[in-house]
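A.B. asks: Provide a 3D model corresponding to the input given below.
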Amino acid sequence: MMRLFSPRKTTLIFVIRDKTRTPLENLEPVLREDIQKIWDSVPKPEAHKDTPLSTFFNIEVVAFSSFEEKEELFKEQAANLRQRFYHSIAPGGLAGDRQGVVPASGFSFSSEQIWKVIKENRDLDLPAHKVL
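C.D. replies: Numbers count the residues shown, from 1 in each chain. The predicted structure is shown next:
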């Protein structure tokens, strides 16, 4: 994807459901460390070999209480997250300022250009069905 698109921040929200007694402050660093290990192991184009994860992604971790034990709190937490998605296109929302978004009128051309890059780059193109 780094070869197809210019870097733009995407928010990744990890939801820990049915959180137990372990505080989120203890769970979040472990999750972030695992995400960083994945990022470090992903092959990157030369231009982005040393680009930090934070250039491409905002990482957020949210924890929901146990549905079985605290149903009302769980529903409240889910409703709060749902509201964040409803208001995601507002400035400061999950979609941010939406820079680099292709308008509907340019979608066809944009798609053609993306497929052209995929076809021209063997690393991005899927092998033929017979090869698989």
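
A.B. asks: Please work out which residues outside stretch 16-28 touch it.
C.D. replies: 31, 61, 62, 63, 64, 65, 66, 67, 68 (CB atoms under 8 Å, 6 or more residues apart in numbering). All C-beta spots, glycine's among them, are computed from the backbone N, C-alpha and C.

A.B. asks: hmm, try it at 10 Å
C.D. replies: Applying CB atoms under 10 Å, 6 or more residues apart in numbering, the external contacts of stretch 16-28 come out as 14, 30-31, 59-70, 74, 77-78.

A.B. asks: Repeat that for stretch 61-77.
C.D. replies: Contacts of stretch 61-77 (CB under 10 Å, 6+ apart): 12-20, 22-24, 27-32, 35, 78, 80-81, 84.

A.B. asks: Give me the buried entries from the residues you listed.
C.D. replies: 19, 27, 28, 35, 78 (16 or more other CB atoms under 10 Å).

A.B. asks: Could you pull up the contacting residues of the fourth one?
C.D. replies: For residue 35, the contacting residues are 12, 14, 53, 57, 59, 61, by CB under 10 Å, 6+ apart.

A.B. asks: tell me the mean pLDDT for the longest helix that the chain contains?
C.D. replies: Scanning the chain for the longest helix, with DSSP state H as the assignment, gives helix 24-41. Helix 24-41 carries an average pLDDT of 90.

A.B. asks: got it, and stretch 109-127?
C.D. replies: 74.

A.B. asks: separation between residue 54 and residue 109?
C.D. replies: For residue 54, the distance to residue 109 equals 31 Å [CB to CB, to the nearest Å].

A.B. asks: Kindly report the same for residue 44.
C.D. replies: 27 Å.

A.B. asks: quick one, which of these two is more surrounded?
C.D. replies: Between residue 44 and residue 109, residue 44 has the larger neighbour count (other CB atoms under 10 Å), namely 13 against 10.

A.B. asks: Fine by me, thanks again.
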